[in-house]
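K.L.:
prediction below, plus the sequence it came from.
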Amino acid sequence: MDKTAIHGLRLKDVTITLDGRELVSVDHTILPGEILTVMGPSGSGKSTLLAFIGGFLDPAFHAAGEVYCGDINITSIKPQDRRAGLLFQDPLLFPHMSVGSNLMFALPNWVQPKAKRRQSAEEALADVGLDGFFDRDPDTLSGGQKARVALARVLISEPAFLLLDEPFSKLDAGRRNQMRQLVFGNAKSRSLPVLLVTHDQADADATGGMIIEVGAPLQNQ
Amino acid sequence: MLRFFPAFALFILVVPVLCGLAGTMLPAFGYLPALGGDEINLSAYKALFSQPGIGHSTRQAFIIGLASTAISVCLVAGFVAAWYGTRSFRATQHLVSPLLAVPHAAAAFGFAFMIAPSGYLARLLSPWLTGWDRPPDLLIVNDPVGLALIAGLVVKEVPFLLLVTLAALPQVPAVKAIHLTQSLGYGRMAGFIFAVWPSIYKQIRYPIFAVIAYSSANVDMSIILGPSTPHTLPVRLVGWMNDSELSMRFMACAGASLQIAVTVGGLVAWLLIERLMASCLRMFTTAGYRLKRDGWLRIMASISMTASALIVFGGLVVLAIWSIAGLWQFPNALPNSLSLRSWNTTLPALTRPFWTTVVLGIAAVIISVFITIACLAREQQTGRSGGNRALLFLYVPLLVPQIGFLFGLQLLLLNFNASASWPALIFVHVVFVLPYVFLSLSAPWRAFDTRYEAIAAALGTSPWRIFLRVRFPMLLRAILAAAAVGFAVSVGQYLPTLLIGSGRFSTITTEAVALGSGGNRRIIGIYAFVQMMLPFIGFLLASLLPALFFRNRRAIKGL
């Protein structure tokens, strides 16, 4: 079994500041299958925590502390080597690729040959209830279907942990609950540590995990 | 009243091109009664194809157009893929963007002054590295293969393509897509090319086509940097068109139709390359290769981008120094002495072309801005923008090679005794200025928050007053910026001025190009310096005036 799955995602004394002002401060280990929620109003800097863990922190911010994935310190390695699974507010399906190509794009390249890649993508689509969607144009999908393709795409890339940036906020109320269960259920069954950033209390309640509240919105300059 | 303007704009963009094309094709087949040609025959083509080296000149125009475009697109795609969203990207972007305003001829002269055997780069490296104490006997500028011309076109096209790419980028969630692809393990460049570039490319196709059309039929840069034995096809055509032997014009027109074929051929070849690249990309996209080790390629992309900008800027500085140089012996990096003698002797000759350039530019810009605003106001009234089709019409004068229709237009105007007149000259400048003014102004115009106008209307203000008191002042910066772009375009026009002016109207640009790269460096320095300062002053005014008018209005003063 993968080491990550044993140790989870450890945020060791992580503090993010902007111009000397503290935005987020976390010291927590997210165990495999566990979900840590960071809640705060928009503009509070909660997304910078995701950016820091993913390796995309804007140089305007200053970050201290370390991030361990399993027993590997990933704080200063390239984003390409962190194996973070990102899910945003928008599904961000690549419009020039078919649904299936979007998945094959994410599939690790040790899965070869081509026929096997295609089969993996088709299976991943079936797992999220989108059997037979392989050749569809992403633009013809409903909002809920797009969100499911985005989930299938991030799962097929075999991430070590998930970073969710308000992934349910653009779905309508009915779909939202369904999608939460699908995402959280998959994370649990794959023993993935999950960091969820949201401003929706219902999201946080649905996780059943620990919640960290972060501060006031940033002042305009 | 407003309703006629879209049709009028269409008329200005399309009719001269169509009439010009017809006016070129008829003489090409022998029909030009004014010069005694009243029967259809192929003798002009026979004469054309019996010209020495015509096949070579034609091939070169084709290859140079395609190669310079391909290299420029690769440079821009590579640079954006490697650095978009970083600090060094913004820094380089600010370095490259001003080059857009530099007229082609000035950029070509600056480039030539840098790379020539006796140019600045050789001076910097001599004699300590190269051992040269006199300029080496190398044909670097005007080389027979056209490498200098290709490089010159590239350094001038890159800023344009970068700008249109930057305009396209906000339409796609590029930064998030970059993060996503990197998290999936893709190298920065590969991720961008696979995931973002196809959406960008779709938006910049017309500009790329315009670049192909421009570079395959370019005359002024080709005179300065291009091969001379023989010249490229477009340069030879202009020579024939201006030949005192009037019967040469039949052959010139036949040649112009050949030039159109070359440009169309270039476009078709590009479409094939597009297809090929698209299917390669599709294959690679789903194969899963991460291509992570792109550090060296990113650095190469940055270096080539910066170098292409610096060589032009350096060249412009060198031009300026030459204009005030006294004696300047070869390996010296600086002149032995400075003197204003060249300026004193050249200024009298420069005054008339200078004012011609300025008046022509301002007239063409005022007309173009007026038409643009009228069209946009009409679009606002009807709520229809005309979409992609209207955009295609804007590109018509930029996609048809200038030579192809300017020859015919000149002959037509001659027929009506209207050639070499101010109205004709201003009109032909408007044909080329209007598309750029429209493209620059339409985005800010359409982005204007119409609730301001709704408030004014609710207060009982008339539509005309709303425009004058609300929209116009709030968009003044954008309007002046579009005007500055238009002015820069007008200043840079070589062929339209030369042909429609029939040599009787000379501008700074026509005079500068006429000096060629072999001429007196001090005088070239002066003309090219003035040529590059004119657009610069235009942009300076465009940013200073709003800051002055609105000095107490922080939200819109700009500076």
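P.N.:
It's in.
K.L.:
contacts only, for the residue in chain A positioned nearest to chain B.
P.N.:
With Cβ to the nearest Cβ, the shortest gap between chain A and chain B falls at residue A:109, namely 3.3 Å. Bear in mind the C-beta positions are built from the backbone N, C-alpha and C, glycine included. Residue A:109 makes contacts with B:287-290, as judged by Cβ atoms under 8 Å, 6 or more residues apart in numbering or on different chains.
K.L.:
bridge partners for residue A:61, pull those for me.
P.N.:
According to DSSP bridges, the partner residues bridging residue A:61 are residue A:18.
K.L.:
re earlier: so which strand or helix has the residue of chain A closest to chain B?
P.N.:
Under DSSP states H and E, no helix or strand contains residue A:109.
K.L.:
that one and residue B:138: what is the separation?
P.N.:
As judged by Cβ to Cβ, to the nearest Å, residue A:109 and residue B:138 stand 47 Å apart.
K.L.:
check contacts around the spatially closest residue to residue B:143 that is not a sequence neighbour.
P.N.:
Excluding the flanking residues, the one nearest residue B:143 by Cβ to Cβ, 6 or more residues apart in numbering or on different chains is residue B:227, at 6.5 Å. Residue B:227 sits next to B:60, B:142-146, B:149 when contact means Cβ under 8 Å, 6+ apart.
K.L.:
run through the stretch 451-559 of chain B and note the low-pLDDT ranges.
P.N.:
Within the stretch 451-559 of chain B, the ranges that satisfy pLDDT under 70 run B:517, B:558-559.
K.L.:
tell me which parts of the stretch 151-300 of chain B are close to chain A?
P.N.:
Residues of the stretch 151-300 of chain B lying close to chain A (Cβ under 8 Å from any Cβ of the partner chain) are B:173, B:176-177, B:179-180, B:182-187, B:194-195, B:198-199, B:282, B:285-290, B:292.
K.L.:
how many residues are close by residue B:133?
P.N.:
Counted by other Cβ atoms under 10 Å in any protein chain shown, the residues lying close to residue B:133 total 10.
K.L.:
wait, it touches residue B:329, no?
P.N.:
No: here residue B:133 lies out of contact with residue B:329, judged by Cβ atoms under 8 Å, at a distance of 9.6 Å.
K.L.:
top helix in chain A by residue count?
P.N.:
The residue-count maximum for a helix in chain A (DSSP state H) belongs to helix A:173-189.
K.L.:
list the residues that contact residue 210.
P.N.:
Going with chain A. The contact partners of residue A:210, by Cβ under 8 Å, 6+ apart, come to A:28, A:34, A:36-37.
K.L.:
other chain: chain B
P.N.:
Residue B:210 neighbours (Cβ under 8 Å, 6+ apart): B:395, B:398-399.
K.L.:
cool, and residue B:163?
P.N.:
By Cβ under 8 Å, 6+ apart, residue B:163 lies in contact with B:97, B:100.
K.L.:
can I assume it sits in a helix?
P.N.:
Yes: counting by DSSP: H, G, I helix; E, B strand; the rest coil, residue B:163 falls inside a helix.
K.L.:
quick check: it vs chain A, distance?
P.N.:
For residue B:163, the distance to chain A (Cβ to the nearest Cβ, to the nearest Å) stands at 23 Å.
K.L.:
returning to what we had before: what's the most distant pair in the contacts of residue B:227?
P.N.:
Greatest spatial distance among the contacts of residue B:227 (Cβ to Cβ): B:60 and B:142, at 12.5 Å.
K.L.:
hmm, residue B:2 is touching residue B:380, no?
P.N.:
No: taking contacts as Cβ under 8 Å, residue B:2 lies outside contact range of residue B:380: 9.4 Å.
K.L.:
quick one: which of the contacts of residue A:109 is the most crowded by neighbours?
P.N.:
Counting neighbours by other Cβ under 10 Å, residue B:288 leads the contacts of residue A:109 with 21 neighbours.
K.L.:
can you tell me how far the closest residue to that residue other than its chain neighbours is from residue A:83?
P.N.:
Spatially, and ignoring its direct neighbours in sequence, residue B:288 is nearest to residue A:109 (3.3 Å; Cβ to Cβ, 6+ apart). Distance of residue A:109 to residue A:83, given as Cβ to Cβ: 14 Å.
K.L.:
same question, residue B:469
P.N.:
Distance of residue B:469 to residue A:83, given as Cβ to Cβ: 58 Å.
K.L.:
higher neighbour count, these two?
P.N.:
residue A:83 (19 against 13).
K.L.:
how about the residue of chain A closest to chain B, phi and psi?
P.N.:
Main-chain torsions, residue A:109, degrees, to the nearest 10: phi -80, psi 0.
K.L.:
ChimeraX command to pick out the buried ones of the contacts of residue B:227?
P.N.:
Typed into ChimeraX, the line below selects the buried ones among these, using 16 or more other Cβ atoms under 10 Å in any protein chain shown:
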select /B:60,142,143,146,149
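K.L.:
returning to that earlier point: how about JSON lines for the contacts of residue A:109, with pLDDT and secondary structure added?
P.N.:
Converted to JSON lines, the contacts of residue A:109 look like this (pLDDT from 0 to 100; DSSP: H, G, I helix; E, B strand; the rest coil):
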{"residue": "B:287", "pLDDT": "90", "secondary structure": "helix"}
{"residue": "B:288", "pLDDT": "88", "secondary structure": "coil"}
{"residue": "B:289", "pLDDT": "90", "secondary structure": "coil"}
{"residue": "B:290", "pLDDT": "91", "secondary structure": "coil"}
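K.L.:
how would you label the residue nearest in space to the middle of chain A: helix, strand or coil?
P.N.:
In chain A, the C-alpha nearest the mean C-alpha coordinate belongs to residue A:163, at 2.7 Å (Cα atoms, centre = their mean). In three-state terms, and counting by three-state DSSP, residue A:163 is strand.
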